[in-house]
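# Make a model of this:
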Amino acid sequence: MGDFHELRFPLDIALKSAGGPERRTQIVTTGSGRELRNTRWRNSRRRFEAGYGVKTLTALAQVTAFFEERRGKLYGFRFRDRADFKSCMPDKNPAATDQVIGSGTGTQTSFQLSKTYGSGIDPYQRIIRKPVEGSVLVAIDSGLKRVGEHYDIDHTTGIVNFRSTSIPRAGSVITAGYLFDVPVRFDTDFLDISFAAFDAGDIPSIPIVEIIV
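Residues are numbered from 1 along each chain as shown. Okay, the predicted model is just below:
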């Protein structure tokens, strides 16, 4: 099982959470007032506050049980980012042509799921390692392929493996559509819950941070 549990944080609570991508940018201001900017992280990292989704004692009990089973920060888990969990726009359904994940060489059999943000000067390609089981659609040159016949998908890594009889030919375009979760962990070893504050409507702090797996 390692240090990651292939379990999803309670979905109804996750969908009421707050958060989004974080970047780490270093800025140096010169004597002339100009700025020199440099990114310290190649990839963004998402942070969430799940406490916003805890409105009842039942929800609090769910989160506490999930926290205890993960041993606080010790084990990672899956989390649904309501703002970004599809290969397509939020109001659409995934299609096999949503995202380009590679180009065929005639010999390469494995391709990593990814999602590209932007289409202008410098698009950002995000690796997708936790697709939702049963949601992945794959195509070669827009022709839909069948899972279990033409390819297999590892839902713990996001790697598409084509079978020997279906290796993409050289120059072909491999695309995919899917739903996905974010690999995360709790960013605390302590749930500080005041029932007086909870009864008054204050939320407990339940910080969650994305991890690399």
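# where does this structure have its least confident helix or strand?
The helix or strand of the chain with the lowest confidence, counting by mean pLDDT, DSSP states H and E, is helix 195-199 at a mean of 69.
# Now find how far off-centre the next helix or strand after that helix is within its chain.
For helix 195-199, the following helix or strand on the C-terminal side (DSSP states H and E) is strand 207-210. Here strand 207-210 is found 12 Å from its chain centre; the criterion is Cα atoms, centre = their mean, to the nearest Å.
# So which bits of strand 207-210 are buried?
Neighbour counts using 16 or more other Cβ atoms under 10 Å place Ile208, Val209, Glu210 of strand 207-210 among the buried residues. No exception for glycine: its C-beta is placed from N, CA and C like everyone else's.
# which other helices and strands contact that strand?
Applying 3 or more Cβ pairs under 8 Å, 6 or more residues apart in numbering; DSSP states H and E, we find strand 207-210 packed against strand 45-49, strand 182-186.
# Identify the residues contacting the last one?
Where contact means Cβ atoms under 8 Å, 6 or more residues apart in numbering, the residues beyond strand 182-186 that reach it are 4, 9, 46, 48, 67, 70, 72-81, 129-130, 206-213.
# What about Arg8, how many residues nearby?
Number of residues near Arg8 (other Cβ atoms under 10 Å) recorded here: 15.
# Can you read off the pLDDT for the residue nearest to it when sequence neighbours are not counted?
Across the structure, with Cβ to Cβ, 6 or more residues apart in numbering as the measure, the residue nearest Arg8 apart from its sequence neighbours is Arg78 (4.2 Å). Per-residue pLDDT puts Arg78 at 98.
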